[in-house]
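In: Using only what follows, build the 3D model:
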Amino acid sequence: MNEERQNVLDVNDTFYRAFEKQDITLMNQTWWQGEGSICIHPGSNIIKGWDEIRASWEKIFKNTEYIEINTEIVASEVDYAVAYVIVIENVMQVRKKRKLEAKSLATNSFRKMAQQWYLVHHHGSPIMS
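Out: The predicted structure follows:
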């Protein structure tokens, strides 16, 4: 595995650890904070721009008592300053004292800017069993 691919996979992993820990500071470090960033949560509309994306994560964190996310990488590609990682997300969360389990397919796209990889696009879609 080359170094750039490993760097992208590390940022991808940091994104999921920030999600799991409900850590908005760590989430800030993984996302590009420009207006061109896009996030589509499963079953949701397009959220554009870091301010709106951050607000969506804060709302998720506020309404989630506990969450575990295990990912399985389906594919990844790195090409100079653009990369993507496609994962299956196995999510277990507790909301309102109820345990919920879900499976999603997600595409995470990254751009290298100022010698660092940033998440610029996250799109999660539910997988129906």
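In: who are the neighbours in contact with the residue sitting furthest away from the middle of the chain?
Out: The C-alpha centroid of the chain is most remote from Lys97, which lies 24.3 Å away (Cα atoms, centre = their mean). Residues counted as contacts of Lys97 (Cβ atoms under 8 Å, 6 or more residues apart in numbering) are Glu65. Any C-beta I mention is one placed from the backbone N, CA and C, and that applies to glycine too.
In: And it, its phi and psi?
Out: phi 70, psi 10 (degrees, to the nearest 10).
In: where's it relative to Ala75, distance?
Out: Computed as Cβ to Cβ, to the nearest Å, the Lys97 to Ala75 distance reads 37 Å.
In: tell me the contacts of Glu65?
Out: Counted by Cβ under 8 Å, 6+ apart, Glu65 has contacts 93-97.
In: Can you lay out those residues as TSV showing pLDDT?
Out: Compiled in TSV, these are given as follows (pLDDT from 0 to 100):
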residue	pLDDT
Gln93	91
Val94	89
Arg95	84
Lys96	84
Lys97	87
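In: Emit the PyMOL select command for whichever of the residues you listed are buried.
Out: Applying 16 or more other Cβ atoms under 10 Å to these, the buried members can be selected in PyMOL as follows:
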select buried, resi 93
